[in-house]
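Chemist: heads up, no residue letters with this:
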């Protein structure tokens, strides 16, 4: 068997591009050369990697089995090329919103001071978005706010985070003793489902309430802070997210009759993902 890296590269680009025509443009090859390389690879493996549906190529179970290994081979080949050059591999991250907006900027700034020219791509969404991006090999690692339940991903504890229930200074709930019943009666402004913050708030806090009144669901923490500040309800977010408003007195912490609300933030990557030297070096900056 004589599988070449060019054949592997053609396979992965056809998968990403969706056709041999588009893959040929990206690879600067003729369409016939791309088709021939793909046919040679399938011949050596004695399987088809794509189902031919009209003029479309649809990845099948054999292609899905090969893809993560193919990506790993190409990344390792790229690292070999860089062994005797300056290590400047690109880093692709996907972080859930609290991490991406409040924790990573300082960490990335420290990294940039030492490596100002090295490429780094950061995407921000909710935890489920990050999990999907890692599972699809669109990014190298994900940083999320709750546990990951996908067996093909490795999830490692990263940092500890404290959650805080908060309200506007003149909120009605503050005019009476704080009980589970008064918490249940207050309108809650929560992150959307799929958010790591929402998942952990449901588990650590709302599961203790006999019922709770959902005022609204919002897709980011900034919107929640301002909605609470304007007296639309109460919420629960990371202390890091509201620290400035608590200090200014624009928001106030609600002392709940429950144990301290803490959660673990996680780092995730695919089981078949090769963690490059550049990525491991960046991770040394991702600490408190």
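Modeler: Nice, thanks for sending it over. The model shown is predicted, which means the values in this text are computed figures rather than measured ones.
Chemist: contacts, neighbours, all on C-alpha from now
Modeler: Will do.
Chemist: For residue 122, which non-adjacent residue is spatially closest?
Modeler: residue 93 (4.8 Å; Cα to Cα, 6 or more residues apart in numbering).
Chemist: so what's the one you found up against?
Modeler: Residues in contact with residue 93 (Cα atoms under 8 Å, 6 or more residues apart in numbering) are 120, 121, 122, 123, 139, 140, 141, 142, 143.
Chemist: try it again with 7 Å
Modeler: For residue 93, the contact set (Cα atoms under 7 Å, 6 or more residues apart in numbering) comprises 121, 122, 123, 139, 140, 141, 142.
Chemist: got the buried residues for the helix or strand containing it?
Modeler: Assigned by DSSP states H and E, residue 93 falls within strand 91-96. Neighbour counts over strand 91-96 (16 or more other Cα atoms under 10 Å) mark 91, 92, 93, 94, 95, 96 as buried.
Chemist: Also stretch 231-245?
Modeler: Buried residues in stretch 231-245 (16+ other Cα under 10 Å): 232, 233, 234, 235, 236, 237, 238, 239, 241, 242.
Chemist: do stretch 27-43 as well
Modeler: For stretch 27-43, by 16+ other Cα under 10 Å, it's 31, 34, 35, 37, 38, 39, 40, 41, 42.
Chemist: same thing with stretch 267-284?
Modeler: By neighbour count with 16+ other Cα under 10 Å, stretch 267-284 contains the buried residues 267, 268, 269, 270, 273, 274, 276, 279, 282.
Chemist: which one of those is nearest residue 152?
Modeler: residue 270 (6.2 Å; Cα to Cα).
Chemist: Which parts of this protein are helices?
Modeler: 5-17, 20-27, 31-45, 61-81, 97-98, 104-114, 127-135, 180-185, 196-204, 221-229, 239-248, 277-283 (DSSP state H).
Chemist: what's the closest of the ones you listed to residue 170?
Modeler: Among these, the nearest to residue 170 by Cα to Cα is helix 221-229 (9.5 Å).
Chemist: quick one on the thing from earlier: and the helices of the chain as CSV, adding mean pLDDT and distance to residue 210?
Modeler: What follows is the helices of the chain, written out as CSV (pLDDT from 0 to 100; distance: least, Cα to Cα, whole Å):
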stretch, mean pLDDT, distance to residue 210
helix 5-17, 91, 49
helix 20-27, 89, 57
helix 31-45, 92, 59
helix 61-81, 89, 46
helix 97-98, 87, 28
helix 104-114, 92, 36
helix 127-135, 92, 27
helix 180-185, 93, 7
helix 196-204, 86, 12
helix 221-229, 93, 22
helix 239-248, 94, 25
helix 277-283, 86, 42
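Chemist: ok, and which of these has the densest surroundings?
Modeler: Comparing the helices of the chain by mean neighbour count (mean count of other Cα atoms under 10 Å), helix 97-98 ranks first with a mean of 25.
Chemist: got a list of contacts for it?
Modeler: Contacts of helix 97-98 (Cα under 7 Å, 6+ apart): 124, 125, 126.
Chemist: can you pick the most crowded of the residues you listed?
Modeler: Per-residue neighbour counts (other Cα atoms under 10 Å) across those peak at residue 126, which has 26 neighbours.
Chemist: dump the residue contacts of it.
Modeler: For residue 126, the contact set (Cα under 7 Å, 6+ apart) comprises 96, 97, 194, 195, 196.
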